[in-house]
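1. kindly generate the corresponding structure for this input.
(one chain, ligands or ions: 3)
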Amino acid sequence: MIVIKTQDEIEKMRRAGALAGQLLNHIEPVVKEGISTLEINNLCAEFTKNHGAISAPLNYHGFPKSICTSINNVVCHGIPAAKDILKNGDIVNVDVTVILDGYHGDTSRTFMIGQVDEKVKNLVSRTEKAMYRGIAAIRPGKYLYEVGKAIEKYISKFGYSIVHSYGGHGIGKDFHEDPHVLHHFSKNNKIRLQEGMIFTVEPMINMGKSAEVETSATDGWTVTTADGSISAQFEHTILVTSGEAEILTAR
Ligand code: MF3
Ligand code: CO
Ligand code: CO
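-> Residues are numbered from 1 along each chain as shown. Ligands and ions are numbered 1, 2, ... in the order given. So this is what the prediction gives:
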């Protein structure tokens, strides 16, 4: 069931989204060579708490930390750790979700550490652009599959792969609500967009030819590319309005 948000809920989602966006801005100056992903996690947890909010990932289905940090071949759901120290040439997706006044704001971006290989830089900038292409396709009355269609149309020319196993999601009082948002074209997303719907657009793009992913048997969370290729991701939480979608997690 897709929840159509009331004006009051939309206001709360705007505040939660703005805080999540601010959180990514807050850590930007320190996401550099030499910092561990655990230190980034701790800064996020502190900022979130100081702003009267809760880190949604912590204990979510048993997730052990406050944010997800996914380095290089990690697609998503990487667990922050002291041993994971960012080095020159790495890329890292930092995915933050806050709960403010009972409502969720979910956003992520991929940071580049020092001098990054030209090919990897292209993957990162094209993944961000793909997210914005998907968001730009959103209009009330259109089908949800227009999001995946726009992303696929843009991404198909580069020889990359769009991950199918994870998607965007409705969001509000719950972290993950209906609908499931696909980042590729599929008739399974034949759902009419309606004003007041709020969901995420969060494409994961693998540099290699394989869209296949594997989940760590050791920690049960870390998702990596099956072929070992690099993967990038960006995410915004958006509101369907009468015109262009409103980005609630804008920075
Ligand atoms: N923030 C992720 C998303 O975009 C979900 C993380 S769930 C967790 O949907 F448990 F891994 F934190
Ligand atoms: Co997220
Ligand atoms: Co999300």
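2. where's Thr107 relative to Gly21, distance?
-> Using C-beta to C-beta, to the nearest Å, Thr107 is found at 6 Å from Gly21. The C-beta positions use only the backbone N, C-alpha and C, and glycine is treated the same way.
3. list residues touching both of those two?
-> The contact sets of Thr107 and Gly21 overlap at Thr249 (C-beta atoms under 8 Å, 6 or more residues apart in numbering).
4. of the two, give the one with the bigger neighbour count.
-> Thr107 (26 against 22; other C-beta atoms under 10 Å).
5. quick check, pLDDT for the more buried one.
-> With respect to pLDDT, Thr107 scores 99.
6. who touches the nearest residue to it once chain neighbours are set aside in this structure?
-> Distance criterion C-beta to C-beta, 6 or more residues apart in numbering; nearest residue to Thr107, sequence neighbours excluded, is Thr249 at 3.7 Å. Listed by C-beta under 8 Å, 6+ apart, the contact set of Thr249 reads Gly17, Ala18, Ala20, Gly21, Gly105, Asp106, Thr107, Glu235, His236, Thr237.
7. tell me the secondary structure at Thr249.
-> coil (DSSP: H, G, I helix; E, B strand; the rest coil).
8. got a list of what the closest residue to Met197 other than its chain neighbours touches?
-> Excluding its sequence neighbours, the residue lying closest to Met197 (C-beta to C-beta, 6+ apart) is Val240, at 4.4 Å. Shown in contact with Val240 (C-beta under 8 Å, 6+ apart): Ile138, Arg139, Pro140, Leu193, Gln194, Glu195, Gly196, Met197, Ile198.
9. just the buried ones from these?
-> For those, a neighbour count by 16 or more other C-beta atoms under 10 Å gives the buried set as Ile138, Leu193, Gly196, Met197, Ile198.
10. any idea how far the fourth one is from ligand 1?
-> For Met197, the distance to ligand 1 equals 17 Å [C-beta to the nearest ligand atom, to the nearest Å].
11. that residue: what's it in contact with?
-> By C-beta under 8 Å, 6+ apart, the neighbours of Met197 are Ile2, Ile4, Lys5, Gly170, Leu239, Val240.
12. one more: the third one?
-> Listed by C-beta under 8 Å, 6+ apart, the contact set of Gly196 reads Ile4, Lys5, Thr6, Ile10, Leu239, Val240.
13. and Gly148, by the same measure?
-> Taking C-beta under 8 Å, 6+ apart as the test, what Gly148 contacts is Gly134, Val181, Leu182, His183, His184, Phe185, Ser186, Asn189.
14. state the distance from it to Gly243.
-> In terms of C-beta to C-beta, Gly148 sits 21 Å off from Gly243.
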